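> Please work out how this folds:
(one chain, ligands or ions: 3)
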Amino acid sequence: MVLRTLIKNGTIVTAVDQYKGDLLLEGEKIALIGTSLGMEADKTIDASGKYVLPGGIDVHTHLDMPFGGTTSADDFESGTTAAAFGGTTSIVDFAIQYKGQTLHHAWETWAKKAESKAVIDYGFHMIMTDLNDQTEQEMDALVRQGISSFKLFMAYRGIFMLDDGSIFKALLRTGKNGGTICMHAENGDVIDVLVQRALAEGKTAPKYHALTRPARAEAEATHRAIALSEIADVPIYIVHLSAAEALEMVTEARDRGLPAYAETCPQYLFLSYDNYEEPGFNGAKYVMSPPLRQKAQQEQLWRGLAFNDLHCISTDHCPFCMKEQKELGRNDFSKIPNGAPGIETRMSLVYDGGVRAGRISLNRFVELTSTSPAKIFGLFPRKGTIAPGSDADVVIFDPQRTITLSAGTLHMKVDYNPYEGRQVTGAADTVLSRGRVIIDGGKFVGRPGSGCFLKRSTRS
Ligand code: URP
Ligand code: ZN
Ligand code: ZN
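Ligands and ions are numbered 1, 2, ... in the order given. Have a look, this model is predicted:
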């Protein structure tokens with residue numbers, strides 16, 4: 001028996017539309033959209049006064065990821081549950097190929113982490129740290145099998161970093177197989193020199209993480225990444241862009257007609273270098289790469305989002321507890337695990353600080369948090385919109401509800417929240433994943449293991 005769910009009286013919002021209407025979901029799919037659907041259903045949800053949005057898509061998460069001498073605090077169960085609470089119904093996480101390993105081995109390892117735990121749908125990008133003839137061939141196979149994007153690093157020498165020649169070869173390969181290269185764009189070698197100099201001068205506090213990773217080091221790498229992709233004649237996607245100087249590189253490339261894409265993250269829109277100056281070791285909460293920038297840069301990022309020089313807002317969710325994890329770097333900022341939590345707070349923060357603050361339209365909000373990630377990463381139109389035949393990933397979003405962000409009430413498995421005490425208006429009430437209610441009026445009613453692996457196609 002196919003479950004039929006009717007969502008009535010809501011305001012349906014996509015990247016281009018906004019209208020009062022009803023949705024009929026049949027099984028896992030959206031079956032009908034109308035202004036006043038009167039048919040029988042197994043379940044009826046009244047969405048009066050609420051927005052009916054396509055489920056959020058977060059294309060940058062790190063669940064259960066070994067990094068910085070420890071492992072990110074959320075696994076696929078706690079991380080995807082928290083995502084669901086926040087109105088996100090699909091993620092694209094990162095599998096890691098370590099040196100000497102095949103890409104297939106990395107995929108298998110990450111598939112095992114996710115399959116019995118995920119409560120929402122998930123895909124993988126492949127982090128490549130070792131490029132050779134065999135891995136280049138494997139890239140083609142992975143794209144065919146639904147892992148159609150690859151993350152490369154221009155920083156973290158000895159761990160993740162690839163040299164320009166390898167990066168260029170990988171870019172060239174995507175010209176043949178249709179995959180997308182996602183770039184961590186920071187000049188790692190320059191940063192390493194700055195870090196060693198700071199430590200030698202006894203500068204060990206968390207704020208030196210930011211002071212040794214200048215915006216220009218991000219801009220230089222962004223420029224270089226785009227230049228390499230231009231020579232290879234393929235698109236490129238810059239991840240977690242934080243600095244206005246880096247955005248200028250993307251804008252300049254796009255003005256010349258190049259297919260350069262980029263994402264930013266809520267932390268770069270709402271937090272700033274000032275957070276590193278918080279007393280004691282508190283600055284460690286914000287140690288991530290690239291680091292938080294000067295507050296004045298935020299408006300430039302918002303302009304990039306409004307004018308389509310930035311295309312997605314993802315989270316780079318990579319949580320580490322203060323206790324026992326961030327503490328690893330109490331006497332040396334370079335040993336603080338890099339990353340912060342954000343998978344649960346993205347939609348509310350961006351709605352509140354973007355739509356309510358008049359910086360982006362409601363349609364652009366949907367585009368940045370769902371439609372555009374779906375298009376760039378091969379999930380559209382199965383995901384990322386409300387249309388007959390699309391997956392019934394639906395968020396009933398209350399634009400009037402005010403919540404206070406706090407580690408004590410959020411569901412991420414981490415002992416602090418970077419936005420502790422911040423009030424935001426606009427929150428997910430009810431969330432459906434492929435037609436099943438998984439968040440019901442703020443209560444989790446989903447099931448670990450019900451999330452499916454997303455076999456992604458190439459860009460659309
Ligand atoms: O600090 C960060 N961003 N941690 C996660 C790993 C990465 O580079 O995305
Ligand atoms: Zn990165
Ligand atoms: Zn990341």
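> can you pull the contacts of the nearest residue to C312 once chain neighbours are set aside?
Among residues not flanking C312 along the chain, E263 sits closest, at 4.0 Å (Cβ to Cβ, 6 or more residues apart in numbering). Where you see a C-beta, it was placed from the backbone N, CA and C, and this is true even at glycine. Residues near E263 by Cβ atoms under 8 Å, 6 or more residues apart in numbering: 59-60, 237-241, 310-314, 373.
> Make TSV out of those and add distance to ligand 1.
Listed next are those as TSV, based on distance: Cβ to the nearest ligand atom, whole Å:
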residue	distance to ligand 1
V59	12
H60	7
Y237	13
I238	12
V239	6
H240	6
L241	12
L310	17
H311	17
C312	14
I313	15
S314	10
P373	16
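> quick one: which of the residues you listed is most hemmed in?
I313 (30 neighbours; other Cβ atoms under 10 Å).
> List the buried residues of stretch 376-391.
Under the neighbour-count criterion of 16 or more other Cβ atoms under 10 Å, stretch 376-391 has 376-386, 390-391 buried.
> Just put these in a markdown table and tack on distance to P399 and pLDDT.
Converted to a markdown table, those look like this (distance: Cβ to Cβ, whole Å; pLDDT from 0 to 100):
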| residue | distance to P399 | pLDDT |
| --- | --- | --- |
| I376 | 27 | 98 |
| F377 | 27 | 98 |
| G378 | 30 | 98 |
| L379 | 25 | 98 |
| F380 | 25 | 98 |
| P381 | 25 | 98 |
| R382 | 26 | 98 |
| K383 | 22 | 98 |
| G384 | 20 | 98 |
| T385 | 19 | 98 |
| I386 | 17 | 98 |
| S390 | 22 | 98 |
| D391 | 23 | 99 |
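> Where helices are concerned, which of the residues you listed count?
Counted as lying in helices by DSSP state H, out of those, are I376.
> State the distance from whichever residue of the stretch 101-250 of the chain sits closest to ligand 1 to S289.
Relative to ligand 1, the nearest point of the stretch 101-250 of the chain is H184 (5.0 Å; Cβ to the nearest ligand atom). Using Cβ to Cβ, to the nearest Å, H184 is found at 8 Å from S289.
> of the two, who's got more company?
Taking other Cβ under 10 Å, H184 and S289 do not tie; H184 has more neighbours (24 against 21).
> What residue, apart from its backbone neighbours, is nearest that one spatially?
F153 (4.4 Å).
> right, and Y276 touches M288 too?
No - with contacts counted by Cβ atoms under 8 Å, Y276 stays clear of M288, the gap being 10.8 Å.
> who has more neighbours, those two?
M288 (26 against 23).
> which residues touch that one?
267, 316, 318, 338-340.
> ok so, going back, against R197, how distant is the residue nearest to C312?
E263 is 31 Å from R197, by Cβ to Cβ.
> Please apply the same query to H240.
25 Å.
> Was I right to think H240 contacts C182?
No - applying Cβ under 8 Å as the test, H240 and C182 come out as separate, 9.7 Å apart.
> what touches both of these two?
With Cβ under 8 Å, 6+ apart as the test, H240 and C182 reach no residue in common.
> Could you tell me which residues of the chain lie near ligand 1?
Counting by Cβ under 6 Å from any ligand atom, the chain comes close to ligand 1 at 62, 184, 240, 288-289, 316, 318, 338-339.
> show me what contacts the closest residue to M39 other than its chain neighbours?
Distance criterion Cβ to Cβ, 6+ apart; nearest residue to M39, sequence neighbours excluded, is L24 at 6.6 Å. By Cβ under 8 Å, 6+ apart, the contact list for L24 reads 4-6, 30-34, 37, 39, 41.
> before we move on, the earlier item: show the backbone phi and psi for the residue nearest to C312.
phi -120, psi 150 (degrees, to the nearest 10).
> Tell me the spacing between it and ligand 1.
Distance from E263 to ligand 1, counting by Cβ to the nearest ligand atom, to the nearest Å: 11 Å.
> mind checking how far that residue is from D163?
24 Å.
> do the same with S314
According to Cβ to Cβ, S314 stands 26 Å off from D163.
> thinking again about what came up before, tell me which of the contacts of E263 is nearest to D17?
Distances from D17 to the contacts of E263, taken as Cβ to Cβ, are shortest for P373 (18.5 Å).
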